[in-house]
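Visitor: Below is the structure, and that's it, no one-letter string:
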C-alpha cells in the first residue's frame, strides 16, 4: 500500500477526521496559552520594573 492510498483510507475512516479535529483544537489551545503567558510575562516584567524603579510607594522601612 503506498502512502496516497493510506492517506485516502485514513481520511475515509471515522478516526481520521476525528484525530485531525483534535489536533487542530489542541494547536489552537496551545496558541492561546502561549499568547496569554507571553502577555502576562510582559505585564509582570513591567510591573516589577516599575516597583524596582519607584519603590513600594510609602512603605519604606526607616533604619
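Guide: Arrived safely. Since the model is a prediction, treat every value here as computed from it, not as a measurement. Residues are numbered from 1 along each chain as shown.
Visitor: So, low pLDDT: which residues of this structure?
Guide: Filtered on pLDDT under 70, the chain yields the residue ranges 1, 14-17, 55-63.
Visitor: Scan it for its longest helix.
Guide: helix 15-54 (DSSP state H).
Visitor: on contacts alone, who are the packing partners of that helix?
Guide: Under the contact criterion of 3 or more C-beta pairs under 8 Å, 6 or more residues apart in numbering; DSSP states H and E, helix 15-54 touches no helix or strand at all. Backbone N, C-alpha and C define where each C-beta goes, glycine included.
Visitor: How about it, which residues are buried there?
Guide: In terms of neighbour count (16 or more other C-beta atoms under 10 Å), helix 15-54 has no buried residues at all.
Visitor: roughly how far is it from the heart of the chain?
Guide: The chain centre lies 3 Å from the centre of helix 15-54; the measure is C-alpha atoms, centre = their mean, to the nearest Å.
Visitor: Going forward, count from 53.
Guide: Let's use 53 as the start, then, which means that last one is helix 67-106.
Visitor: so what's residue 90 up against?
Guide: Contact analysis of residue 90 by C-beta atoms under 8 Å, 6 or more residues apart in numbering lists nothing.
Visitor: do you know how far it is from residue 61?
Guide: Per C-beta to C-beta, to the nearest Å, residue 90 is found 40 Å from residue 61.
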